[in-house]
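Chemist: After the sequence you'll find the predicted model.
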Amino acid sequence: MAKSIMKQKPATSAGRSKLHRTMLMSTVAVVTSMQVAMAQEASTEVVTSDEDIVLEPISIDGKEDVLTGGVQLTAEEIERYDPQTLKDIFRQEPGVKVGSPNAVSQKIYVNGIEDTNLAVDIDGARQANKTYHHVGTTIVDPGMLKSIKVETGVAPADAGPGAMAGSISVETKDGRDLVEPGELYAGFAKVTYNSNTRGFSEDLAVGMEAEGFDILGYVTHENGDDYHDGDGEIVEGTSPAAENYLMKFGYTANNGYRIKFSANQFIDNATRSGRPNFLVSFGDPAPTEYRRQNFTLSFGDETPTTMWDPQVTLAYTDTELRTTVPLPFGSFAPLDIHADVRTVNGKVQNTFTTEYGKITTGFDYYEDHGNGGRAGYRGTETTDDLGIFVQGRMNITEDLRSSLGARYDWNDFEGADGTKFDDKGYSANLNLEYDLTNEVMFYGGGSTVFGAVPLSEVGFKQASLTYNDMKTSRSYNTKMGMVYEAGSVSFDGNVYSTAIDDANDIDDSNRGSVDNVTTNGFNLNLKYTYGDGFVRGGYSKAKVRVNSEVPTSTSSHYQGILMGDSMNLEIHHDLPDWGVRIGTTNEYFFENDDTEEALGYALEKYFVSNVYAEYNPEEIEDWTFRFDVRNLFDSVYAARTNVGADSTNSSVDPYNDPGRTVLLSAKLDF
């Protein structure tokens with residue numbers, strides 16, 4: 001079945017309509033047949049107790065493991081990179097990259113598709129931060145990350161609404177993650193010096209746990225000057241200035257019930273380009289104020305039973321941006337931009353465990369409210385969505401496993417002029433894994449996803465904003481691959497395809513303007529593990545098109561970006577007797593000639609190498625010292641994911657990434 005789905009080529013709307021109808025019917029049929037089979041077998045069993053079987057203790061905060069072919073990073077892996085921003089975390093993931101060297105404007109691209117076309121959550125809270133299309137939407141301080149899970153393309157129904165090209169789930173640490181059993185408190189203090197910006201970043205975290213209560217306090221601050229690129233040129237508007245504050249309060253009762261509240265504030269106030277994700281050839285950088293506040297309340301049971309495994313999340317996010325945007329030719333006054341996006345969202349679900357696997361069912365809701373614009377053209381838009389879902393993760397046979405589900409969403413939208421638009425639609429997904437041998441496993445699947453109408457670019461209301469011929473989008477995803485694991489060698493490779501029909505163009509003056517976005521290619525990962533280390537390499541190919549054309553305008557970049565071919569190599573080695581860890585990460589992007597017809601030149605190849613050494617002396621084991629060299633060979637390059645690298649707009653210059661940078665850090669665990 002997986003192969004038949006993968007061979008479907010969604011080239012026409014009629015073909016895609018047939019595909020998603022078939023997928024929905026298949027999903028419903030399989031779920032129904034499994035439920036019937038379970039009911040029939042249950043009716044023949046002798047009931048010996050009214051009590052449910054208690055399952056092993058779990059964490060209520062983490063999502064299910066990602067589907068095979070996705071990306072799943074643990075706290076240990078994240079800490080190994082000592083990330084300064086999200087960009088450092090995904091350097092070694094072939095299908096996931098981050099654009100812009102500025103934290104405030106970084107966006108995640110999955111197989112070349114921007115994260116605004118994915119379902120994104122932090123600690124279970126849906127994120128909606130589209131203040132201004134030049135500003136990032138998934139801005140996360142990496143210092144307290146516990147895990148990151150990325151579904152590439154095909155995503156389960158319980159990942160949330162809007163998973164057009166996959167999903168991203170971020171989990172941060174709690175106070176109890178820092179405290180050793182039997183201890184009352186623990187934490188760390190860390191300081192890092194950056195030779196390029198000639199500035200410092202400081203991190204402080206304290207966790208406490210007692211009598212079922214746990215508390216976390218975390219604060220980080222960074223400062224410095226604009227960095228230099230590989231040519232030694234100062235890149236204006238790049239001085240580090242982020243501040244991050246995180247507080248968490250949790251309580252776990254004796255019966256396993258856990259309730260948690262978290263509050264997070266991220267601030268970036270500095271002189272930035274009027275379009276913070278690239279430089280413009282007119283106008284000087286101006287003061288930019290960015291602030292995001294996120295509040296989350298969650299409940300769950302860490303000792304669930306087969307019939308009772310609930311997760312409830314309620315969240316509120318307020319994101320505000322103020323900046324000044326210069327206009328070309330000197331004939332127009334700079335525009336004062338103000339945007340405020342608020343969202344209330346929640347989710348209620350329960351997971352039922354059977355002898356065949358798990359079935360998760362529930363509903364989620366969000367209401368987004370965007371207010372702002374430029375002087376004289378301010379306005380307010382709202383959009384809300386209610387979705388119901390069911391996702392089954394089943395063992396069909398000993399060698400065959402499935403993840404299949406469906407959801408239905410009702411969406412309502414109201415424009416700045418009072419125009420109202422509503423639509424509804426279903427989504428369905430199916431993924432299969434089959435163990436051919438003990439070493440070889442094949443997997444494949446597909447999904448179709450209903451896309452609601454999002455808020456427009458709140459921070460830059462167009463003078464003639466209209467709401468004619470509005471549409472909701474729909475995506476079609478397929479993925480097929482193979483896993484090989486034998487001894488110290490592991491391999492995972494897959495081919496994929498994503499097509500988004502009628503993707504809303506939030507940058508256009510007409511809200512009815514849409515794009516057809518596609519990406520297809522493959523991702524390969526090969527790893528060799530030996531006694532005290534490993535070698536890991538990857539290769540990625542992503543062919544992104546917007547309206548069947550190469551995306552060479554800055555507007556099309558906010559749907560997807562031209563990735564092309566890239567390779568990565570990571571080597572890590574531990575010297576336990578000396579308390580030393582050493583390693584290197586490397587990226588190579590091939591020349592891309594897709595732009596030659598439109599621009600007259602190809603995108604240049606580039607190679608970036610990073611090395612590190614970490615020392616944890618036995619005599620003072622609470623201290624860890626680290627030495628990093630980023631961009632070891634001082635390469636001059638603009639990362640392929642930096643907007644403007646392939647732009648037809650002569651006034652747009654992409655940010656060159658930092659030149660050679662030495663990072664020196666000292667960390668005290670207490």
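Modeler: It's in.
Chemist: Which residue, neighbours along the chain excluded, lies closest to the residue nearest to the spatial centre of the chain?
Modeler: A centroid search over the chain (Cα atoms, centre = their mean) returns residue 168, at 3.7 Å, as the residue closest to the centre. Distance criterion Cβ to Cβ, 6 or more residues apart in numbering; nearest residue to residue 168, sequence neighbours excluded, is residue 120 at 4.7 Å. C-betas here are computed from N, CA, C, even on glycine.
Chemist: Does the one you found touch residue 165 like I think?
Modeler: No: if you go by Cβ atoms under 8 Å, residue 120 and residue 165 don't touch, sitting 11.4 Å apart.
Chemist: what about those two, which has more around it?
Modeler: residue 165 (34 against 25; other Cβ atoms under 10 Å).
Chemist: Report how many residues lie close to the residue nearest to the more buried one when sequence neighbours are not counted.
Modeler: Excluding the flanking residues, the one nearest residue 165 by Cβ to Cβ, 6+ apart is residue 113, at 4.1 Å. When neighbours are counted by other Cβ under 10 Å, residue 113 registers 28.
Chemist: Show me what residue 113 bridges to in the sheet.
Modeler: With DSSP bridges as the criterion, residue 113 is bridged to residue 110, residue 560.
Chemist: Bridging across strands, which residues link to residue 320?
Modeler: Residues in beta-bridge contact with residue 320 (DSSP bridges): residue 291, residue 340.
Chemist: Pretty sure it sits against residue 339.
Modeler: Yes: taking Cβ under 8 Å as the definition, residue 320 is a contact partner of residue 339 at 7.0 Å.
Chemist: what about the helices in this protein?
Modeler: All helices of the chain, identified by DSSP state H, fall at 2-7, 13-43, 75-81, 86-89, 596-599.
Chemist: Please list all residues in contact with the residue nearest to residue 176 when sequence neighbours are not counted.
Modeler: Nearest non-adjacent residue to residue 176, counting by Cβ to Cβ, 6+ apart: residue 214, 4.2 Å away. With contacts defined as Cβ atoms under 8 Å, 6 or more residues apart in numbering, residue 214 is in contact with 174-176, 179, 207-208, 248-252.
Chemist: Over to residue 248?
Modeler: Counting by Cβ under 8 Å, 6+ apart, residue 248 touches 172, 174-175, 214-216, 260-263.
Chemist: So which of these is the closest to residue 63?
Modeler: In terms of Cβ to Cβ, no member of the contacts of residue 248 lies closer to residue 63 than residue 172, at 13.1 Å.
Chemist: Now do that closest one: how many residues are near it, please.
Modeler: Neighbours of residue 172 under the rule other Cβ under 10 Å: 24.
Chemist: Could you check how far it is from residue 141?
Modeler: The spacing between residue 172 and residue 141, counted by Cβ to Cβ, to the nearest Å, is 9 Å.
Chemist: Could you double-check that residue 321 sits in contact with residue 133?
Modeler: No: in this structure residue 321 lies outside contact range of residue 133 using Cβ under 8 Å: 11.1 Å.
Chemist: who touches both of the two?
Modeler: Residues touching both residue 321 and residue 133 (Cβ under 8 Å, 6+ apart) are residue 459.
Chemist: low pLDDT regions in the stretch 551-670 of the chain?
Modeler: In the predicted model, the stretch 551-670 of the chain carries pLDDT under 70 at residues 555, 645-646, 648-650.
Chemist: show me what contacts the residue nearest to residue 145 when sequence neighbours are not counted?
Modeler: The shortest distance from residue 145 to any non-neighbouring residue, by Cβ to Cβ, 6+ apart, is to residue 78 (5.1 Å). Contacts of residue 78 were listed using Cβ under 8 Å, 6+ apart, and they are 89, 142, 145, 147-148.
Chemist: Out of those, which two sit at the greatest distance?
Modeler: Across those, the longest distance by Cβ to Cβ is 12.0 Å; it joins 142 and 147.
Chemist: one step back: which neighbours do residue 320 and residue 339 have in common?
Modeler: In contact with both residue 320 and residue 339: residue 131, using Cβ under 8 Å, 6+ apart.
Chemist: For residue 642, which residues are in contact?
Modeler: Neighbouring residues of residue 642 by Cβ under 8 Å, 6+ apart: 99-101, 277-278, 654-655, 657.
Chemist: can you pull the contacts of residue 523?
Modeler: Counting by Cβ under 8 Å, 6+ apart, residue 523 has contacts 69, 94-95, 111, 152, 493-494, 496, 538-541.
Chemist: ok, now how distant is it from residue 499?
Modeler: Per Cβ to Cβ, residue 523 is found 18 Å from residue 499.
Chemist: if we can go back for a sec, quick one: which of residue 320 and residue 339 has more around it?
Modeler: Set residue 320 next to residue 339 and count neighbours by other Cβ under 10 Å: residue 339 wins out with 27 against 18.
Chemist: residue contacts, the residue lying closest to residue 93 once chain neighbours are set aside?
Modeler: In this structure, residue 93 finds its nearest non-sequential neighbour in residue 71, 5.2 Å apart by Cβ to Cβ, 6+ apart. When contacts are counted by Cβ under 8 Å, 6+ apart, residue 71 touches 90, 93, 95-96, 148-150, 152.
Chemist: And the residues you listed, which is closest to residue 233?
Modeler: Relative to residue 233, the closest of those is residue 90; by Cβ to Cβ it sits at 26.2 Å.
Chemist: mind checking how far that closest one is from residue 641?
Modeler: Taken as Cβ to Cβ, the spacing of residue 90 relative to residue 641 amounts to 10 Å.
Chemist: what touches both of the two?
Modeler: Both residue 90 and residue 641 are in contact with 97-98, where contact means Cβ under 8 Å, 6+ apart.
Chemist: Now do the contacts for the residue nearest to residue 557 when sequence neighbours are not counted.
Modeler: Setting aside the residues directly before and after it, residue 557 is nearest to residue 643 in space (Cβ to Cβ, 6+ apart), at 4.7 Å. Counting by Cβ under 8 Å, 6+ apart, residue 643 makes contact with 99-100, 277-278, 554, 557, 561, 652, 654.
Chemist: follow-up on the earlier one: which one of the contacts of residue 214 sits closest to residue 666?
Modeler: Using Cβ to Cβ, residue 207 is the member of the contacts of residue 214 that lies nearest residue 666, at 20.1 Å.
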